[in-house]
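Undergrad: Provided below are the primary sequence and the corresponding predicted coordinates.
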Amino acid sequence: MSAPTFSIVMPVYNVAAYLPRCLESLAALSPPADEIIVVDDGSTDDCPRILAEFAPHLPQMRVIRQENGGLSAARNTGLDAAHGKYLAFVDSDDFVSPDAYTEALRLAEDGQLDMVLLNANYHFEGREKDYAIYADAPVTGIVPGGEWLRQRLQAGRFLHMVWLHLYRRDFIESNGYRFVPQLIHEDVIWTTRALLAARRVRYTGHIAVHYRIPLRSFSAEQSQRRLQAIVDSSVVNAEALAAMSAALDDDAELRALIGHQLVDGALSVFHKLTKMPDREAAARTLRRLRREGFLRLLWRHARGNAQRRRIARHWLRSWLAGLGK
């Protein structure tokens, strides 16, 4: 019986400093991926040259070049081009273990799984010791995806990253899953939605990915654009989580846990506003969040007085920022 086909989708955008190590790790995979779809999302650095030079070492690599449209658009392009029975995402500034998907592919095939849930290391580039993202998660048998989500939310330790999973591609396509273009932190919607829909998942605990945490610096203009994009995307994510929570009529506990996650994540918006170099833009955004009902959304899903006090404090600040307007 031949092994199932396996695709990797990897967006690339201006990561020349990290791309060689990522490509080397993909070339060392055992078993090798049947296809590696690289979507060069309009890189302006040395990424195109690096990909061309590495092509002989990865004959199954296919490079698709497109104008810059963001990570979500690049992943969607890769999904449209993928053919494997199973699929994983890789971020091009990270790298994978040689046996990253060996056990996952076997478990997925034997158990007819929708998703295999993996583990990863935070990689600090030598500044501090790497450590596992999930040091506390027990390895269990096959469960519905909602149960895994429940356990992680109860533990207060859940990372949404889409590259933490191996997916059966038919599961993705039958649900029509694609990423929301121009969204930052697009993993939040994708991962929550996928886990709620998945009927059969299994967690392995295997360290498959090394998630690079680089030191970055931004100009004031870059920082302003980045923070504004994060704030705007966080609003979209909160609204999407609210809709998913509302659909869980028969599971009050999970509905409440997703609501708490919604509020806990969305409250970081206000910290981002304090970091914006353009203080007037930050004040305008704060007023807009109040006018458009974002704070009301958080209040409806808050759990406990601690969250409600924080929301009330931000509502007062938004009112003062607009002098009641």
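TA: That came through fine.
Undergrad: what's the helix or strand for the closest residue to V38 other than its chain neighbours?
TA: By the measure of Cβ to Cβ, 6 or more residues apart in numbering, the closest residue to V38 outside its immediate chain neighbours is V63, 4.7 Å from it. Any C-beta I mention is one placed from the backbone N, CA and C, and that applies to glycine too. Assigned by DSSP states H and E, V63 falls within strand 61-65.
Undergrad: I figured T44 hits V15, correct?
TA: No - between T44 and V15 there is no contact under Cβ atoms under 8 Å: 11.6 Å.
Undergrad: and those two? Which one has more around it.
TA: V15 (21 against 10; other Cβ atoms under 10 Å).
Undergrad: wait, that one sits on F95?
TA: No - proximity of V15 to F95 does not meet the contact threshold set by Cβ under 8 Å, at 11.4 Å.
Undergrad: shared neighbours, those two?
TA: Common neighbours of V15 and F95 (criterion: Cβ atoms under 8 Å, 6 or more residues apart in numbering): C22.
Undergrad: name the SS class of L117, please.
TA: Under DSSP: H, G, I helix; E, B strand; the rest coil, the three-state class of L117 is strand.
Undergrad: got the contact list for it?
TA: Listed by Cβ under 8 Å, 6+ apart, the contact partners of L117 are 148, 164-165, 201-204.
Undergrad: save these as a markdown table, and put in neighbour count too.
TA: Converted to a markdown table, those look like this (neighbours: other Cβ atoms under 10 Å):
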| residue | neighbour count |
| --- | --- |
| W148 | 20 |
| L164 | 23 |
| H165 | 24 |
| V201 | 25 |
| R202 | 22 |
| Y203 | 24 |
| T204 | 16 |
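Undergrad: now secondary structure too, for those residues, in TSV please.
TA: Output for these, formatted as TSV (three-state DSSP):
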residue	secondary structure
W148	helix
L164	helix
H165	strand
V201	strand
R202	strand
Y203	strand
T204	strand
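Undergrad: between those residues, which is nearest A104?
TA: Nearest to A104 among the contacts of L117 is T204, at 6.2 Å by Cβ to Cβ.
Undergrad: what about the strands in the stretch 201-325 of the chain?
TA: 201-212 (DSSP state E, counting those that start in this stretch).
Undergrad: can you map out the helices along it?
TA: 220-246, 252-266, 268-275, 279-291, 294-301, 305-321 (DSSP state H, counting those that start in this stretch).
Undergrad: CSV please, covering the ones you listed and showing mean pLDDT.
TA: Shown next, in CSV, are those (pLDDT from 0 to 100):
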stretch, mean pLDDT
helix 220-246, 94
helix 252-266, 93
helix 268-275, 93
helix 279-291, 91
helix 294-301, 93
helix 305-321, 86
